[in-house]
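In: requesting a structural model of the entry that follows:
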Amino acid sequence: MTDQLQQPATTTTEVTDVHQAVMAAREHFLSLQHPEGWWKGELETNVTMDVEDLLLRQFLGIRTDTETEEAARWIRSQQRADGTWANFRGGPGDLSTTVEAYAALKLAGDDVEADHMVTARRWILANGGLEGTRVFTRIWLALFGEWSWDELPAMPPEMTLLPAWFPFNVADWGCWARQTVVPLTVVCTLRPRRRLGITVRELRTGRARPKLRPQWSTGYAFQVLDKGLHVYHRRALRGLRRYAMRHAAEWIVARQEADGSWGGIQPPWVYSLLALHLLGYPLDHPVLREGLAGLDRFLVREQTAQGPVRRMEACQSPVWDTVLGMLALRDADLPADHPALRRATDYVLGEEIRVKGDWSVRRPDLPAGGAWAFEFDNDNYPDIDDTAEVLLALDRVVHPDRAAVRSAIRRGTRWLRGMQSRDGGWAAFDADNTRTTLRKLPFCDFGEVIDPPSADVTAHVVEALAVLGRTEDQAVRRGVRWLLDNQEEAGSWFGRWGANHLYGTGAVVPALVRAGLPTDHPALCRAVRWVEEHQNADGGWGEDLRSYRDPAWIGRGDSTPSQTGWALMALLAVGRHDTDAVRRGVEFLAASQRPDGGWDEPQFTGTGFPGDFYINYHLYRVIFPLTALGRYQRAAG
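Out: Reported below is the predicted structural model:
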């Protein structure tokens, strides 16, 4: 790397005992390992998880006062001074989230004239009221008669019968979306109405939702189609509709996981329970019984000064946390045969998925095996990102059963290569899931609904295959070209699953170096310049989640341990360990470390849906600083 980007530090690195910081973080992380070998931090999201859990239980007739009180305490604690609830810590108020939280607190018995309710109501009415909420919020309102089903987009179950070659078939949706859409076709066709016991009509503004003006556009065409589907709903062919409903039910039941979930994530789980219940499945039916019991395992309970609270995780990440942690420990020079790594390897080997899931619709000839999921139980939807990190982790441990490790790596390599999309990149769950017109459908106003290749996932796969000796593999070459073609003009890469350009760049730069790009390659020079130009005055790096909607926030935000780790990982990959930028970044991590070896990070730095849904992975604050400090210690000698 040339000196034109930044002059190297001229004195010996002035770091507050990096070795001590590494050892403290290493021991802290080791202390968090479960006896069965895995690590799992809380996956924190926003209060809609808790609200919708209460509404589900109300709809099913199983909500209890204790559950309601504990959830309400948590919801109240997350309200902001302006009366709103945000989708991430420090973010702007979100209308739909605030409406749902208000409804839950009213359900819990909060006085509507109490200050916190008045403030919330005023903000809601000033920002669009019920009429301005997203489709999913209005579906929950319709379930209890607080919104008209006629004013929601039509979702006929017949769409689940479309063949794989037909546009808008089930496989065209991203895996999380298809698992949500299929049960919603049942719910929105049956149009139930249950008693809520309260009303939120005071949140209506009386204004009509804006209509699209007639013009030649995709959005207008879909609005016309939606009107036609509403007409069809009233005149549906009875035999076809019965068959479609039965097919949807069978599709849902076939995809329930061993832990009772659907995909290991909250939205399809909740809507699947609703759909099957509406189709006549009693609460003591094994499918519903296991589904409800599984939800309880996603509860986080803690004691606060106000009393006990309960909150829901939207998902759980044991495989992801474990393999990233294994890599961090190895970067921190934990011996490859350490007992903790052996236990972790045993767990990871046992989590390999050897059956075909929905990914095989697009890759029918790709053999099963060699895939891993994010969660404890998700055999239908293993993901490419986890599998890549699994292979990197397995390659760096010494395990008594070396043959088993080698076989798993061989199968994983085959699966990763087979899941490459036609354009050379890799997505998270599927190959060639790129039908962008789905985003224009009337009910697609929240979250991404397709799964196109992304820079972060592609980088992780390229890095894994390169580390395994496949730098000349055509798949790797095509992946490198995809990454180079998708670099932003300023030098960064967009982060699909982490916030945001710091995450993407922190993943891509090490991958390109591993794949053989020289460190003075123009793309890497632009990336390094971008990283160094976005360092904060305190030496750390941070990027606010508003960067997904507002480019002014790209690379800007309060410094966080995880994002500082990502920035350092990029700089260290190209040999910048002796620069002032790296020294200051390392000092930031060492100075902000807690006495127990961990770090505090209230900010959300993970991404579910860019622009809509975000995550605070509670172990990111340890894993990525440990990785960066370990790599720095090794590079600095």
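In: just how off-centre is stretch 359-366 within its chain?
Out: 24 Å (C-alpha atoms, centre = their mean, to the nearest Å).
In: in it, what counts as buried?
Out: 359, 361, 363, 366 (16 or more other C-beta atoms under 10 Å). Bear in mind the C-beta positions are built from the backbone N, C-alpha and C, glycine included.
In: ok, so of these, who is nearest residue 455?
Out: If you rank the buried residues of stretch 359-366 by distance to residue 455 using C-beta to C-beta, residue 359 comes first, at 20.5 Å.
In: which two of the buried residues of stretch 359-366 have the greatest separation?
Out: Going by C-beta to C-beta, the pair spanning these furthest: 361 and 366, at 10.9 Å.
In: what's downstream of the helix or strand bottoming out on mean pLDDT in the chain, the next helix or strand?
Out: Lowest by mean pLDDT, DSSP states H and E among the helices and strands of the chain is helix 218-234, with a mean of 70. Remark: after helix 218-234, the chain's next helix or strand is helix 238-254, criterion DSSP states H and E.
In: CA atoms of that next one as CSV?
Out: Coordinates of each C-alpha in helix 238-254 appear next as CSV, following Å, rounded to 0.1, in the frame of the first residue of the first chain:
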residue,chain,number,x,y,z
ARG,A,238,-65.1,-22.6,-4.6
GLY,A,239,-63.3,-25.8,-5.6
LEU,A,240,-60.1,-24.0,-6.6
ARG,A,241,-60.2,-21.9,-3.4
ARG,A,242,-60.6,-25.0,-1.2
TYR,A,243,-57.8,-26.7,-2.9
ALA,A,244,-55.6,-23.6,-2.6
MET,A,245,-56.3,-23.3,1.1
ARG,A,246,-55.6,-27.0,1.7
HIS,A,247,-52.3,-26.7,-0.3
ALA,A,248,-51.3,-23.6,1.7
ALA,A,249,-51.9,-25.5,5.0
GLU,A,250,-49.9,-28.5,3.8
TRP,A,251,-47.1,-26.1,2.7
ILE,A,252,-47.1,-24.5,6.2
VAL,A,253,-47.1,-27.7,8.2
ALA,A,254,-44.4,-29.2,6.1
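In: which strands or helices does it pack on?
Out: helix 175-190, helix 266-278 (3 or more C-beta pairs under 8 Å, 6 or more residues apart in numbering; DSSP states H and E).
In: list the buried residues for the longest one?
Out: By neighbour count, and taking 16+ other C-beta under 10 Å as the criterion, the buried residues in helix 175-190 are 175-189.
In: same thing with stretch 31-39?
Out: Quick answer for stretch 31-39 (16+ other C-beta under 10 Å): 33, 37-39.
In: closest to residue 520 out of those?
Out: Distances from residue 520 to those, taken by C-beta to C-beta, are shortest for residue 39, at 37.3 Å.
In: just the element for residue 310, please.
Out: In the assignment (DSSP H and E), residue 310 maps to strand 307-312.
In: contacts for that strand, please.
Out: Under the criterion C-beta atoms under 8 Å, 6 or more residues apart in numbering, residues 44, 47, 49-50, 53, 67, 69-71, 73-74, 77, 266, 295, 298-303 lie in contact with strand 307-312.
In: mind listing what residue 390 touches?
Out: 319, 323, 348, 372, 408, 412.
In: please name the nearest non-neighbouring residue to residue 470.
Out: Spatial nearest neighbour of residue 470, excluding adjacent residues (C-beta to C-beta, 6 or more residues apart in numbering): residue 476 at 5.5 Å.
In: hang on, that neighbour in a helix?
Out: Yes: according to DSSP: H, G, I helix; E, B strand; the rest coil, residue 476 belongs to a helix.
In: make 873 the starting number, not 1.
Out: Got it, the first residue is 873 from now on, which makes the last one we talked about residue 1348.
In: and it, how far from residue 1257?
Out: Distance from residue 1348 to residue 1257, counting by C-beta to C-beta, to the nearest Å: 17 Å.
In: again with residue 1234
Out: 17 Å.
In: closest one of the contacts of residue 1262 to residue 1269?
Out: residue 1220 (9.2 Å).
In: give me the local confidence score for that closest one.
Out: pLDDT recorded at residue 1220 is 98.
In: list the contacts of the helix or strand containing it.
Out: Assigned by DSSP H and E, residue 1220 belongs to helix 1211-1222. With C-beta under 8 Å, 6+ apart as the test, helix 1211-1222 has contacts from 902, 905, 907-911, 1191, 1194-1195, 1197-1198, 1201-1202, 1206-1207, 1244, 1262, 1265-1266, 1269, 1271-1273, 1276-1277, 1280.
In: can you give me the buried ones in that helix?
Out: 1212-1221.
In: same check, this time on stretch 1421-1434
Out: Those would be 1425-1434, for stretch 1421-1434 by 16+ other C-beta under 10 Å.
In: now these in a markdown table, with distance to residue 1066, secondary structure and pLDDT?
Out: Below are these laid out as a markdown table (distance: C-beta to C-beta, whole Å; DSSP: H, G, I helix; E, B strand; the rest coil; pLDDT from 0 to 100):
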| residue | distance to residue 1066 | secondary structure | pLDDT |
| --- | --- | --- | --- |
| 1425 | 41 | helix | 97 |
| 1426 | 44 | coil | 98 |
| 1427 | 47 | coil | 97 |
| 1428 | 45 | coil | 97 |
| 1429 | 42 | coil | 97 |
| 1430 | 43 | coil | 97 |
| 1431 | 47 | coil | 98 |
| 1432 | 42 | coil | 98 |
| 1433 | 45 | helix | 98 |
| 1434 | 42 | helix | 98 |
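In: and the residues you listed, which is closest to residue 999?
Out: residue 1425 (20.7 Å).
In: hang on, that closest one packs against residue 1406?
Out: No: between residue 1425 and residue 1406 there is no contact under C-beta atoms under 8 Å: 11.0 Å.
In: list residues touching both of those two?
Out: With C-beta under 8 Å, 6+ apart as the test, residue 1425 and residue 1406 both reach residue 1415.
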